[in-house]
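**Q** Let me see the structure of the following:
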Amino acid sequence: LEIPSDSSRTPSPTGSSVSCSSCPSVVILEPPRRKPFSPEELQSRKRFKGEKQVSLRGKHDVLVYQIPGTEDAYVFCHDRTNVHYQIFQCVHCWEFKKVTPILVIGDEFLEDPDKLDHCCLGTNMLEDRVKRLTHKWLMNLREESKFCKSSPKEEYDNFLKWLRDESDEDKQVRKKMVKIFKESGRYKEHRKLFARCAMSPVTGTIVTAMIITEKVFLQVLQA
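**A** Below is the predicted model:
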């Protein structure tokens, strides 16, 4: 599956007009850019702790913020870097063609992610984490497969064992993540992914809706 490359990004009063060779023009709802904040202004802002997770695009980590009192979270990916801070965007708002920006320093948000003008409801935090951990494992496997010849079934079992016994979570969270992973399919459903990464490090690809969302988002925002 190929993701169309962005060929134009023209600002408009309501946002950005985006078109490509294989899809019609769509309007991206994007707020006007604000002037850069000074170090003094940044210092006075309240901080909200996020959690870094591997990006499905691979260049910058995403920042995950759990919605208080729920098992859901907002996921933000890197848009651009200013001198004193970075600007991230809500990944799932982008699915609705809306840009929801937030200021970030390190792994801290400079405003409450839960108070932004989201048009999405976020995503289940553990389901998102399992997908990202699986993606990270498979990417590492692609590199290691140049030197080892484990079968896809062996690597599938290795990942399941690591997720159950060795991942950086408490025991109850690990049990929930294993359940989520198994509910997404057993070895039969995951075989192709592990086979591509274990046996074909050059051509192996992983395609999920999450990867597509983040890639298209960053293609447009960085065009």
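
**Q** All the helices of this structure, in order from the start?
**A** 39-43, 91-94, 125-144, 152-165, 171-183, 187-199, 209-221 (DSSP state H).

**Q** Go through those helices and find the least confident stretch.
**A** Mean pLDDT is lowest for helix 209-221 among the helices of the chain, at a mean of 44.

**Q** quick one, phi/psi of Ser38?
**A** phi -80, psi 160 (degrees, to the nearest 10).

**Q** Can you get me a residue count around it?
**A** 11 (other C-beta atoms under 10 Å). All C-beta atoms are positioned from the backbone trio N, CA, C, and that covers glycine.

**Q** Spatially nearest residue to it (excluding sequence neighbours)?
**A** His84 (7.9 Å; C-beta to C-beta, 6 or more residues apart in numbering).

**Q** Distance of that neighbour relative to Arg174?
**A** In this view, His84 and Arg174 are 38 Å apart by C-beta to C-beta, to the nearest Å.

**Q** More neighbours: which of these two?
**A** For His84 and Arg174, the more surrounded residue by other C-beta under 10 Å is Arg174, and the numbers stand at 17 against 14.

**Q** Asp168 is in contact with that one, correct?
**A** No. Arg174 lies out of contact with Asp168 (C-beta atoms under 8 Å); the separation is 9.3 Å.
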